[in-house]
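Asker: I need the structure of the sequence given here:
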Amino acid sequence: VSCLVSAKRLDPDAEDSLVDMAKSLSPDTGRKGVTVRPIDDGLAAFIEVSGIKRYGFVGLIMPGDKYRQEKEECEANLLLLSKLAATFFDKIESESISNELAVADEQDRIADDIHDSVIQRLFASSCFAHDTINKWNEISEDARKEQLILIAKNIQSSLKDLRSTIYNLSSKKQQVERFKESVRDYLRDMQRLSGVDINLDVKGETGNISLSAKKALYRIITECTGNAVRHAKCRNIWVSMNVSEGRTFLCIRDDGIGLAAEKAESEEKGLGLKNVKNLVRLFNGTIKINAADGLGTVIEIEFMNPDIFKDLAGNG
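Answerer: Next comes the predicted model:
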């Protein structure tokens, strides 16, 4: 859907013209900064709003002479607006992913509850009915026996229907790993936007990881890959995650220009790294950063499974 939102009311023809103008700008044009196009009453200046995805453009319309006189200020304001807008839309996108993970986690919880309680009770009732039939010597009428047999058959049918319901409800039973798919979708969008090849390899069962830990892992991956795309000038990024028997290991590697340790801690680029370290610390994990100028960067993060799993972390 393409639309234009303006601070002032515009002529419908002018709105259509501006929308068509924005559509004609290629992704490469948007990444080069502010693009200026002539219009009837002056100039229109555009800059792309892009983060996880390409969201569109922000721009302004003003007389040509005034724009040329205030060019630096106008372009600085447009750049600021584009960054703020990208941050806002990225937050909405991330929250949408978090909501999907929360729904999947709740589905699995309900499915487990049904399996552990209702099915077990129905199964016990079925066994009791059969045992009653075998031992109920006092009851000789065929009708009573047939009735008990019918009850047993109904219970078996209920078990079958309930199993089917659990299968449809549980993402685990369907072999759908929402966390893995959410990360894959994010990296696919980033690859399309940046032109950087991003490879994802996830091994092991992620279904046992708590929702809060999944959110942290998702933010760590998005933060590290985003920094690599923005600052490392890399061509390739490799993201690998292995959930083994006792530990979960995450590695994010790029082939960019690298970053010396003291630069990684600088105020200019260190905020994202500090966020990552805080998330790792929250779950008692460890982080190692191997970076050298011209040799790329390797970030290795390790968690003990009791700290991030549902049943042991208390984040069911």
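Asker: quick one, what contacts C251?
Answerer: Residues in contact with C251 (CB atoms under 8 Å, 6 or more residues apart in numbering) are 238-241, 298-301. C-betas here are computed from N, CA, C, even on glycine.
Asker: Identify the bridge partners of it.
Answerer: S240, E300 (DSSP bridges).
Asker: so R253 is in which element?
Answerer: R253 is part of strand 247-254, with elements assigned from DSSP states H and E.
Asker: which among the contacts of C251 gets closest to W136?
Answerer: M241 (57.2 Å; CB to CB).
Asker: how about the strands in the stretch 151-300 of the chain?
Answerer: Applying DSSP state E, counting those that start in this stretch to the stretch 151-300 of the chain gives strands spanning 197-203, 236-243, 247-254, 286-291, 297-304.
Asker: now the angle from the third one to strand 197-203?
Answerer: Going back to what we said before, that points to strand 247-254. 170 degrees (axes from the mean of the first three to the mean of the last three CA atoms, to 10 degrees).
Asker: Need the contacts of C251 in CSV (columns: distance to N284, pLDDT and neighbour count).
Answerer: Output for those, formatted as CSV (distance: CB to CB, whole Å; pLDDT from 0 to 100; neighbours: other CB atoms under 10 Å):
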residue, distance to N284, pLDDT, neighbour count
W238, 25, 96, 17
V239, 22, 96, 22
S240, 21, 96, 15
M241, 18, 96, 21
V298, 22, 93, 16
I299, 18, 94, 25
E300, 16, 96, 15
I301, 12, 96, 24
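Asker: As TSV, these with distance to Y55 would be great.
Answerer: Shown next, in TSV, are those (distance: CB to CB, whole Å):
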residue	distance to Y55
W238	27
V239	24
S240	29
M241	28
V298	31
I299	28
E300	33
I301	30
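Asker: with those residues in mind, which one is nearest to V36?
Answerer: In terms of CB to CB, no member of those lies closer to V36 than V239, at 38.1 Å.
Asker: which ones are touching the closest one?
Answerer: 183, 187, 198-201, 221, 225, 250-252.
Asker: Mind giving me the PyMOL command for buried ones among those residues?
Answerer: Selection command for PyMOL covering only the buried members of the contacts of V239, criterion 16 or more other CB atoms under 10 Å:
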select buried, resi 183+187+198+200+221+225+250+251+252
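Asker: follow-up on the earlier one: what is the mean pLDDT for the strand holding R253?
Answerer: Taken as a whole, strand 247-254 has an average pLDDT of 95.
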